[in-house]
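J.: have a look at this prediction, sequence included:
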Amino acid sequence: MFCPKCGGQNPETGKFCRTCGTDLGNVSSALAGQSQPQRLVNHKGKPIHLEGAITKMFSGLAFLIVACVLGYTGAAGGHSWWFWLLIPAFGSLGTGVAQYMQLRRAEQGQTAFVGSNMGNSISDSQNRALPPPQTEWVQPESRYKTGDLVPPSVTENTTRHLEINSEGKTMTLPKK
């Protein structure tokens, strides 16, 4: 089996590429004809499940209800700070609804973002239209030559006025 990232040859039962260390578990299962069920995960890499989505929706609703009650009654000085409870309310409510929608789409077989690799949902026809990945880094040629941009040294030609002895070494400044 060849690594899809670097092209290095690996044993058929290898789990990681010997050259670059890429996980080859999906490649070996695809070659064997097995398909692994894909799990939905959130932005932190934790799996998304229905209980968590419903919990987030209800906690968002609870924050929203508490904020409305505090704003209406003014209990505990709620007239001045009730609106700050709307931030966690809408955050939890929105996250719960989004996770619930992702789970429903996954059940219906529609395309959903799986994991943190959101770019892997490109179809084969779109993938063929893309340019091939570059395997070697090629340094671009600069239109500037670095020798032209570097100023001359500050110490250059500063010792030309010193007296030179018979061995060719500089000694002192000339006497006037």
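T.: Thanks, I have it.
J.: check what pLDDT residue 56 gets.
T.: The per-residue pLDDT reported for residue 56 equals 95.
J.: what's the burial count for the nearest residue to it once chain neighbours are set aside?
T.: Spatial nearest neighbour of residue 56, chain neighbours left out: residue 96 (3.2 Å); criterion: Cβ to Cβ, 6 or more residues apart in numbering. (Glycine included, C-beta is placed from N, CA and C.) If you count neighbours by other Cβ atoms under 10 Å, residue 96 ends up with 20.
J.: what comes into contact with stretch 84-98?
T.: The contact list for stretch 84-98 (Cβ atoms under 8 Å, 6 or more residues apart in numbering) reads 53-61, 63-64, 66-67, 70.
J.: which among these end up buried?
T.: Buried residues within the contacts of stretch 84-98, counting neighbours by 16 or more other Cβ atoms under 10 Å: 53, 56, 57, 59, 60, 63, 64, 67, 70.
J.: re the thing from before, I'd like the contacts of stretch 84-98 laid out as CSV, including secondary structure and distance to residue 5.
T.: Formatted as CSV, those follow (DSSP: H, G, I helix; E, B strand; the rest coil; distance: Cβ to Cβ, whole Å):
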residue, secondary structure, distance to residue 5
53, helix, 34
54, helix, 39
55, helix, 38
56, helix, 36
57, helix, 39
58, helix, 43
59, helix, 41
60, helix, 41
61, helix, 45
63, helix, 45
64, helix, 47
66, helix, 50
67, helix, 49
70, helix, 54
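J.: quick one: average pLDDT of stretch 7-14?
T.: 79.
J.: and it, end to end?
T.: Its start and end residues considered, stretch 7-14 measures 14 Å (Cα to Cα, to the nearest Å).
J.: equivalent analysis for stretch 7-22, please.
T.: Stretch 7-22 end-to-end distance (Cα to Cα) = 11 Å.
J.: alpha carbons of the one helix or strand the residue nearest to residue 56 maps to, as CSV, please.
T.: Under the criterion of DSSP states H and E, residue 96 resides in helix 86-108. The C-alpha coordinates for helix 86-108 follow below in CSV (Å, rounded to 0.1, in the frame of the first residue of the first chain):
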residue,chain,number,x,y,z
LEU,A,86,-28.7,36.9,26.9
ILE,A,87,-25.1,36.1,25.8
PRO,A,88,-24.9,32.6,27.3
ALA,A,89,-28.6,32.1,26.4
PHE,A,90,-28.3,32.6,22.7
GLY,A,91,-24.8,30.9,22.6
SER,A,92,-26.1,27.7,24.2
LEU,A,93,-29.4,27.8,22.2
GLY,A,94,-27.6,28.4,18.9
THR,A,95,-25.0,25.6,19.6
GLY,A,96,-27.8,23.2,20.5
VAL,A,97,-29.9,23.9,17.5
ALA,A,98,-26.8,23.6,15.2
GLN,A,99,-25.8,20.3,16.7
TYR,A,100,-29.3,19.0,16.4
MET,A,101,-29.5,20.0,12.7
GLN,A,102,-26.1,18.3,12.0
LEU,A,103,-27.4,15.1,13.6
ARG,A,104,-30.6,15.1,11.6
ARG,A,105,-28.8,15.8,8.3
ALA,A,106,-26.4,12.9,9.1
GLU,A,107,-29.4,10.6,9.8
GLN,A,108,-30.9,11.6,6.4
